[in-house]
Structure formats: structure tokens, C-alpha cells
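J.: Turn this into a model:
(chains A and B)
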Number of protein chains: 2
Amino acid sequence: MIPDINTINQASERIKKYIHRTPILTSSIINKIFDANIFFKCENFQKAGAFKSRGACNALLSLNNQKLKKGVATHSSGNHAQALARAAHIKNIKAYIVMPDNSPKVKIDAVKNYKGIITFCSPNLKSREDTLKKIISETGATEIHPYNNYKVIAGQATAAKEFYEDINNLDFIIAPIGGGGLVSGTALSTVYFSPKTKIIAAEPEQANDAYKSFYQGKLIPSVNPNTIADGLLTSLGTLTYPIIKKYVDSIFTAKEKNIIYAMRLIWERMKIIIEPSSAVPLACIMENRSFFEKKNIGIIISGGNVDLNNLPWN
Amino acid sequence: MIPDINTINQASERIKKYIHRTPILTSSIINKIFDANIFFKCENFQKAGAFKSRGACNALLSLNNQKLKKGVATHSSGNHAQALARAAHIKNIKAYIVMPDNSPKVKIDAVKNYKGIITFCSPNLKSREDTLKKIISETGATEIHPYNNYKVIAGQATAAKEFYEDINNLDFIIAPIGGGGLVSGTALSTVYFSPKTKIIAAEPEQANDAYKSFYQGKLIPSVNPNTIADGLLTSLGTLTYPIIKKYVDSIFTAKEKNIIYAMRLIWERMKIIIEPSSAVPLACIMENRSFFEKKNIGIIISGGNVDLNNLPWN
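T.: Numbers count the residues shown, from 1 in each chain, chains lettered A, B, ... in the order given. The predicted structure follows:
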């Protein structure tokens, strides 16, 4: 069932011991550049470096003891894998993580750091899913999908809930969109806690399945997405799409060069490390300046996990 | 006269409209690595990207109207140049900045950004000083030295003052040392506001004039300093040295590779951008682990101005 207001409030209570209430930063220079009031909710400072800790914690902590004992499992090479491994480690249970065998070493190390049990598979969806199925049948672990899971969505919704508790009168809230877990959670919190705020999803032009799905009115999967924003390669899910379709006001897309420019602008001016996916909302503002002029805008900075040896401007 | 407690309180009041009260961050992972409680006062988030805005604002705002009208001047290629240009720009007066003609473009652009009036000189101290003297004789501008100036020292002292207002019971406060403006200000605030806290200066081993001066009991200038920590190349001044000699408890030095390691650790774990100079305190903790174990330690992160095209690990 789509999370209601109580479900989101409960998620907040459930996870608050395990996550950071992240700060909201502003930059007078960036506000001047765009002639707007932009507030950045810094989930790059979140535990395990991304908002994904919210959903992973909420889903895992909602399991009963019998299920907890058998552990949790997912296939992911990104922030959800780290977040789930960390959440499991806190509760002293096992996290089985299926990762493609071509995953970057930094990502493998991060999961190992949180004692995740990694099984490598071939780098395609079938191999991922088959490997995960096998692990689950052998261990009885519970799958925690990175976004197509209402408990995960309710967890991600807590970021926007905090945003509205701290900042009033946002005209827009913008979050990057990949599988849609963050955006669907953000949409629900907006409807419940700040119904006048318009909800905008920001997507790389070169991975625009959400844009297509939204404007064509049917779920269209990603085909060969190719973007620096490595957190946004996934397609919308069957649970996230209907929420997005119902509540999101617009989806904007951004060009690769503008994503990189916006990322560097935030690094240089705000002195914070954000991953490319987190720069997509500001890149969308850059491409649609007049639309956002003079507005109060909330941006969810989704995460800060980047490979410092491989920066997009080098 | 060495700034007394009232002078530092007045500096706080004088500059507060023009600077950020910077946040203090912690990292559970870094605390675990070093088995200590480390608090980071984030002057990388300060206006113009460094604590230098405190001293520059205090010195400039202390001038009478007649002096203000004629502008201010300094020779600096670093954060003080930006901070002074910004402070002058706010008050709508002129800032004459003498910079060596081999200064990196990013630094020149930053000063231009704040409308500083740049005069280039040859890259040696004599040319810098002669050029500055000439400008001052022509314009009547007031020189604001980057550290050998009590108003500047009183301004830098406000960072530690805020630290003690926010965090009680620090066993140690550690700040990087170059010319000694930050450390002498920090020492004074410690004596006035947290007398039980021990004051430690952190210096690159390859630019260890403060270390030598402190332990040999006389002012010894830097000879061919060579460090990645480009904010710490300068030698102690005649006003900063006596304060440091009297109040600082120890000076530790750090090796280049540990400075780079500590810088990267803070980038990766805390998701904040700090300049190499700011990593020297944590590098000193790395090299003296047992000394700092279980202690409450305050570190002043001095700034965040780095050239993203030229990172030390690339």
C-alpha cells in the first residue's frame, strides 16, 4: 500500500537513531548566479554517504526477528548496497550483496567495509536476478529492493519531511530521479507536509526513461543509458511510477556538460563533495533559468560517493 | 598591544554581520580510526573560503573613514588576498593586491572576482615589498599584513572563541601554522575562554620554521619551504612569534605523504573540500596516535580553496 502520512512518520521515528538529520546549506554566490533562493538538503553527509541509508534502515528495521535472523539481500553496485550492508551490520545480521564482477574497486571495498557478503555475477540484469534468486533460496534472506519497495520509499520520504520541518514556503522541491525511490518518497512527503510545493524530478537527458514514461503516460524502461550520473542509470519501478505519475509536477532533463558544470560549481563554491547524480537538479535549473527565477527551491543532494581518482573534469 | 579579551569580543561583534559562524562537524569513522573525539571547525565554509576573512574584516572595519577612503593594500597570493579584496568590496573601497606574476590563474581570478586591483611583481619578497611600498606611497592606502597585525590576529581569534562557545571540555585545540596569525589568535582565545585546553600548532615537516623557532627559542625564518600545504609557506612574524612562544604547548610536524593521506581521508569520509594546509592537524594526529588517544580534540579546518584540476593524489 502506498505509504500514508502515518507510515512516513513511523519511518522517521524508526530510523532516527541510525541516520543523520542532515544539514540544509545555502550559498549566496549560487543564489546570485541563478537569482533564486536555493536550499540544499545535504544527504551527501548521510550515513554511508547517501540518502539510501534512510530506505535501507526503514526496510530492514521493519522486519520481524525471524526474518532478521536470516539476513537481507539485494543486487546493487551502488549506494543502496553500502546502505543495506551498513544497516545489517548495525543489527548484526547478514547482508548478501550481488554485484557485477566489473564493479569499481571503491564500491566493492565500501560494501566490504560494512561486512557485506558479496557474490559477484556477470554484468547484466539476468545474471544479477538469477544470482540473487539463488542466494535467497539457499539462505532464506529477505530481498530489499533498492527502490521498488514501499518501506524503502517511506524511508526515502523522510528526507523531504525533514526539509519541510526546517524550511517553510518552498515553491519547488527538486530531486534526481533514477529508479524513483527518492522522488516518489519526496512526492508523498510533499503532499502530506507541504502541499503547496511543486515536485520536480531531475534526470540526465542521456538516461531519460522517467521523462519518457511521465510524458507518454506509460512505463518505458531505460535503453542503454549513458551518463556520468551513475546513480541514475536504473529504470522506474512498478511501485514508484504510479506515485510519480500522480504527484510529480514536471520532469526536467539536463545535458551531461551541464551536470559536470553544476557539480563543479557546488564543489568550488560550497566546498562540499557531491556525486554527479546530485548535480542534476542544479543543472536543470541552469537549463531553465527563467522558470526558477526568484523562487524558493529545495534541492535534495542525494549523495557524495565519488571516486576521487576519476573526476569528470580531469 | 596584544589583543585582550575585550578586543577579541569586540572583533566578534564587529565582523559578525560579514562572516559565517561556521559549523562544527564530526565523523564517527574518523573518531573510530583514531580512537578519539575530534571536532572540526569548518572555516572552509567561511566567506571567501578561509578563516582569513575574519582577520581581514576586523582589520579593515577598524579603520576610520579617512583611511577607509584611501583603500587597503597587501602582498599575498593566497587566501588573505581574496579575503581582503572581499572585505574591501563589501565596504565599497579599493583593495590593492600585489601578487607574484607566476600566481596560479585560479588565485588571480578569485581576487578579480572580488574587484581587487592587482599589481603583478616578480616572485620574490623584495619585489613584493618594493611594489607594495610604491603603491602605498602613491595611493595612501593602509597596509593590512596577512598575519603580523594585531587586528588581524584578533579577527582570527574569533574562530576559536566560537569553538569554545559550541564545544566544552576540549583537551586540545590544533591549528595549522604558517605565519602564525591563526595560531596566535587561537592561543589568545584559549587563554581567555578555555584555559584548560592545550594549544597545539601543526606544521609541515618540510616548512618547519615555527617548529625550529619554538624549540630553539628564537625567530628562525623559513628557508626554501617545500610543501603541498601552500598556505603554510610563510615564516612567523615579530608579533605572532612572542604569543606563540608564550602560550602554545607544542608544535607537531607532519610528513607530506601523511598530509595528503589526511586530506583525502577528510574528503572521502566527511564529504567536505579542504585545502592541504587544513589536513596538517589530522596528519599530526596520525603521526602521534597514542598522544591523542581518547582525547577531545578541536581542529580548525583553515580553508577550502583548492585547484580541482590539480589534486595531490592525481
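
J.: Show the contacting residues for residue A:186.
T.: Applying Cβ atoms under 8 Å, 6 or more residues apart in numbering or on different chains to residue A:186 gives the contacts A:156, A:157, A:159, A:160, A:173, A:175, A:199, A:300. Every C-beta, even on glycine, is put in place using the N, C-alpha and C of the backbone.

J.: How about the stretch 1-150 of chain A: which residue is closest to chain B?
T.: residue A:44 (4.7 Å; Cβ to the nearest Cβ).

J.: got a list of what the nearest residue to that residue once chain neighbours are set aside touches?
T.: Closest residue in space to residue A:44, ignoring its immediate chain neighbours: residue A:304 at 2.9 Å, by Cβ to Cβ, 6 or more residues apart in numbering or on different chains. Residue A:304 sits next to A:44, A:45, A:49, A:50, A:272, A:273, A:274, A:275, A:278, B:271 when contact means Cβ under 8 Å, 6+ apart.

J.: Widest-spaced pair of the residues you listed?
T.: Pairwise distances across the contacts of residue A:304 (Cβ to Cβ) peak at 13.5 Å, for the pair A:50 and A:272.

J.: neighbours of residue A:125, just the number please.
T.: The tally of other residues near residue A:125 (other Cβ atoms under 10 Å in any protein chain shown) stands at 11.

J.: Distance-wise, check it relative to residue B:255.
T.: 47 Å (Cβ to Cβ, to the nearest Å).

J.: Residue A:176 now?
T.: Residue A:176 sits 40 Å away from residue B:255, going by Cβ to Cβ.

J.: More neighbours: these two, which one.
T.: Under the neighbour definition other Cβ under 10 Å, residue A:176 and residue B:255 were set side by side, and residue A:176 has more, 31 against 16.

J.: just checking, the more buried one touches residue A:201?
T.: Yes. Using Cβ atoms under 8 Å, residue A:176 is in contact with residue A:201, at 7.5 Å.

J.: overlap in contacts of the two?
T.: Jointly contacting residue A:176 and residue A:201 under the rule Cβ under 8 Å, 6+ apart are residue A:183.

J.: Residue A:50 and residue A:272 - which one has more neighbours?
T.: Higher neighbour count among residue A:50 and residue A:272: residue A:50, with 27 against 24, using other Cβ under 10 Å.

J.: need the helices for the stretch 101-250 of chain A, in chain order.
T.: Counting by DSSP state H, counting those that start in this stretch, one finds helices in the stretch 101-250 of chain A at the ranges A:105-113, A:125-139, A:150-166, A:181-193, A:209-216, A:240-247.

J.: what about those, which gets the closest to residue B:314?
T.: Nearest to residue B:314 among the helices of the stretch 101-250 of chain A is helix A:105-113; the distance by Cβ to Cβ comes to 15.1 Å.

J.: Which positions in chain A make contact with chain B?
T.: Selection of chain A residues close to chain B by Cβ under 8 Å from any Cβ of the partner chain yields A:23, A:44-45, A:49, A:264, A:267-268, A:270-274, A:304, A:308-309, A:311, A:313-314.

J.: sorry, back to before: shared neighbours, residue A:50 and residue A:272?
T.: A:44, A:304.

J.: contacting residues for residue A:298?
T.: Going by Cβ under 8 Å, 6+ apart, residue A:298 touches A:38, A:39, A:41, A:160, A:163, A:167, A:170, A:172, A:173, A:174, A:197.
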